[in-house]
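Student: heads up, no residue letters with this:
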């Protein structure tokens, strides 16, 4: 027979069964990534005694693995936006984010985030996070220079241009190479340490402790092979990451993405924070969605090419963000057995040297007819698509997909096709975008959106600002996890 | 400040706080639709004392509103399949259902269902459900005659033909008109009544009752404005329907479908069973998915036409099931601002008289160029699509979408376009396909798939066989809810 619920690892313990508290604190934080660090700083600054329990032997989490192009703006513009000549209204930023996530958006969090984005910029710089007053103008996935401001999403692409004025909001740290994440976490970790927060590494949170009313009163952790009971007088904050490393959870909650994608994140992204929340009756949101990407640029010049499916149909304006392309290639085109990127030699450029994509050449041709045959596409299909695209590109228009004229240029022979079909080589990374349902304060909600007393969460343990790869921009996650980490730390300390 | 979790309506009560049991039974069933009725019959037949609590003043649920073309087969074939000359292997049925739902499939339930489908046929006929040994050969959404067997899904359509031999599995009851659902529920209700099951109508289940270990021991119901405590010694079975009538839940859990679709079901489909399960720590599955349909046939002759998006691209083989078309038109084509159905006068046929679609004529033309202009599609786009389609149709092939040759015929002038764009008239019905995660026995599982003792569920309160409109077939829901309703009734009685 099946096990009964008594054996659930994440089922909470009742505080009446706790005879002794090994650790007594105000705020217990599970996870020392971007969210946990930000929460700890704010909670300590609000006068609380704070403990962090981190599974790994060091701080960092998935934030340290990221490029950390923190997404900020509104309020007229950050100092960097202003220095680079951009004005960014808060309403413009709100409109943009709402257009990104549509019905999936958390309007309350979006408004909170946009209205306080400059404050968050100041908080980061106040802790020593360096931003140079400069802009990286090329189309890139990440800044490899120490320049700061860059477009990291779909701001300049249709249909987003119909909803908001394009403004760059990605803020890269002043550091050479793709090293923003490590530097951000180094700075935040130092800020935590300076505050005499008790940090326990190599510590696994096992289960929450609740009273008869279901209020969270603490957490059981395992340190040095021993279970320790932790009393958290003001609250427990779950900042334990997402669940992309938990195959069972991905299969169960986000089955569309259970198709051979490469999880990106740290090994602790096993959903343990979400499961602990579920164990005490928390609701979840957006669990079925993931970030996914087809990183077809750099080189930026590939943007002059076109993406087609197995019918040689285009399906997206190729000047949009790599996550939006990944979503459309993989999810919206799921009836298509193949995806190709078609370009000319000029567009191919430095592909072999600088691409992250890993897609191999599927065919070449001096004519589109030849390429079409080599790719085994229906006769005349690719010819029609390329001829039509070229005809309009000549006049700087794309009546089908509204690719911006800056990226319109007839594709000329000789031609090359990259095989972007999942499973045939290209890198399709993913991570999860669903989690516990929380208020902007980090308070965890039940499925009916009532607050669970004593329980907070932030980071990818929650459903935050970014809700789908189709509207994602680089820097939204690190922006969201640090900002709402702070809100949770503050709310727990003041509860 | 926000409410705390103490006020959650669906949070369970602790049995220690119950001083008096108003009703004492073995099995308490919440909801008297197809699942609840089937559960009650089996639980009573296994010797249990059974109570049903139904919100409405009569039995029926959403099953009574359906066409009830019960999806059955395998094991060589049902008596009807055999009489109509079809052989249906169990593995063939398993393969078909797995192809329908892919990564989203519950392989364990699919196998359980297919292996026991003939037994279910015999159980139904044993209770007097009438099936005529005849086949309805035309392509239809529902049988309006008393004929039994019909193709109700994508069995004959690509790519399903690559995975399984096409066999019809929809079993329509022997009754004239679209009256299968009412007749089925009349027969099942009589079977329940004959068993002296205690049926309480106008009774609202409020919350579950659990002990300190989290085992379910009963349920609180409201009857005649008074709360009654119900002790369920063997188990509570939640058969309270889906959540398509709960706008908040749809927005929260299935936001993609929160776009102006028409919910179909009974007013009690408010997700109350799912919420009660969540309140005691149950896990859910597939909550983001719904059935959705673009019922573009009848008349069947419309299948000779083609569907195009706002780029005049085809996107699906038009001979597939209306749910698959609805999914692809609405979800996969969500970047498209418009959807048109293009046909000729011969295909248009009796559209005005017999269609459920409600789509208005968007344009007509003696040439495709004229129609293209009238629809404001990019120049030469629709001309290319129709010319290409026609050229291949002449030879009985569709190299792009593999529409079956039986439905391939060049589209000839004069032409007509129906506007199938959501919000411009066409009927896009929907209902939910997610719910509590259960074993084939109906035992409700936690997020980690441990059994919650004393709690069972069936019907659209659970995630069952059908997981997405893209693979749905009519009759899968009624098949699933009655079959797994029975399993839950039996398992509860024997627990």
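Tutor: Cool, got the structure. All of these numbers come straight from a predicted model, not from anything done at the bench.

Student: could you point out which element follows the one helix or strand residue A:455 maps to?
Tutor: Following DSSP states H and E, one finds residue A:455 within strand A:451-457. Next helix or strand after strand A:451-457 toward the C-terminus (DSSP H and E): helix A:476-493.

Student: returning to that earlier point: next, the angle from the strand holding residue A:455 to helix A:476-493.
Tutor: Counting by axes from the mean of the first three to the mean of the last three C-alpha atoms, to 10 degrees, strand A:451-457 lies at 130 degrees to helix A:476-493.

Student: who's in contact with the lowest-mean-pLDDT helix or strand in chain A?
Tutor: In chain A, the helix or strand scored least confidently by mean pLDDT, DSSP states H and E is helix A:351-354, which has a mean of 87. Residues from elsewhere that reach helix A:351-354, judged by C-beta atoms under 8 Å, 6 or more residues apart in numbering or on different chains: A:298-299, A:302, A:357, A:418. No exception for glycine: its C-beta is placed from N, CA and C like everyone else's.

Student: by neighbour count, which of the residues you listed wins?
Tutor: residue A:418 (27 neighbours; other C-beta atoms under 10 Å in any protein chain shown).

Student: helix, strand, or coil at that one?
Tutor: What DSSP: H, G, I helix; E, B strand; the rest coil gives for residue A:418 is strand.

Student: that one contacts residue A:364, correct?
Tutor: No. Between residue A:418 and residue A:364 no contact is recorded; they are 10.5 Å apart, counting by C-beta atoms under 8 Å.

Student: residues contacting residue A:306?
Tutor: Neighbouring residues of residue A:306 by C-beta under 8 Å, 6+ apart: A:314, A:318, A:341-343, A:385-386, A:389, A:411.

Student: rerun at 7 Å
Tutor: If you count contacts by C-beta atoms under 7 Å, 6 or more residues apart in numbering or on different chains, residue A:306 has them with A:314, A:318, A:342, A:389, A:411.

Student: looking at those residues, which are in strands?
Tutor: residue A:342 (DSSP state E).

Student: how about residue A:46, nearest residue that isn't a chain neighbour?
Tutor: residue A:493 (3.6 Å; C-beta to C-beta, 6 or more residues apart in numbering or on different chains).

Student: kindly report the same for residue A:185.
Tutor: Using C-beta to C-beta, 6+ apart, the nearest residue to residue A:185 is residue A:64, at 4.1 Å.

Student: and that neighbour, how far from chain B?
Tutor: 28 Å (C-beta to the nearest C-beta, to the nearest Å).

Student: now residue A:28
Tutor: Distance from residue A:28 to chain B, by C-beta to the nearest C-beta: 19 Å.

Student: what's the answer for residue A:222, then?
Tutor: Counting by C-beta to the nearest C-beta, the gap from residue A:222 to chain B is 18 Å.

Student: and that residue, which of the three is it?
Tutor: Once three-state DSSP is applied, residue A:222 turns out strand.

Student: so it touches residue A:206, yeah?
Tutor: Yes. With contact defined as C-beta atoms under 7 Å, residue A:222 counts as touching residue A:206 (5.7 Å).

Student: specify the local secondary structure of the residue nearest to residue A:185.
Tutor: helix.

Student: make sure it is actually in contact with residue A:180.
Tutor: No. Look at residue A:64 against residue A:180 with C-beta under 7 Å: they stay out of range, at 9.7 Å.

Student: who's more crowded, those two?
Tutor: residue A:180 (28 against 25).

Student: check contacts around residue A:178.
Tutor: A:67, A:142, A:144.

Student: I'd assumed it was in a helix, is it?
Tutor: No. Remark: residue A:178 does not belong to a helix; assigned using three-state DSSP, it is coil.

Student: where's it relative to residue A:320, distance?
Tutor: 22 Å (C-beta to C-beta, to the nearest Å).

Student: equivalent analysis for residue A:59, please.
Tutor: Counting by C-beta to C-beta, the gap from residue A:59 to residue A:320 is 34 Å.

Student: and the next helix or strand past the longest strand along chain A?
Tutor: In chain A, taking DSSP E as the definition, the longest strand is strand A:226-238. Downstream of strand A:226-238, the first helix or strand assigned by DSSP H and E is helix A:247-253.
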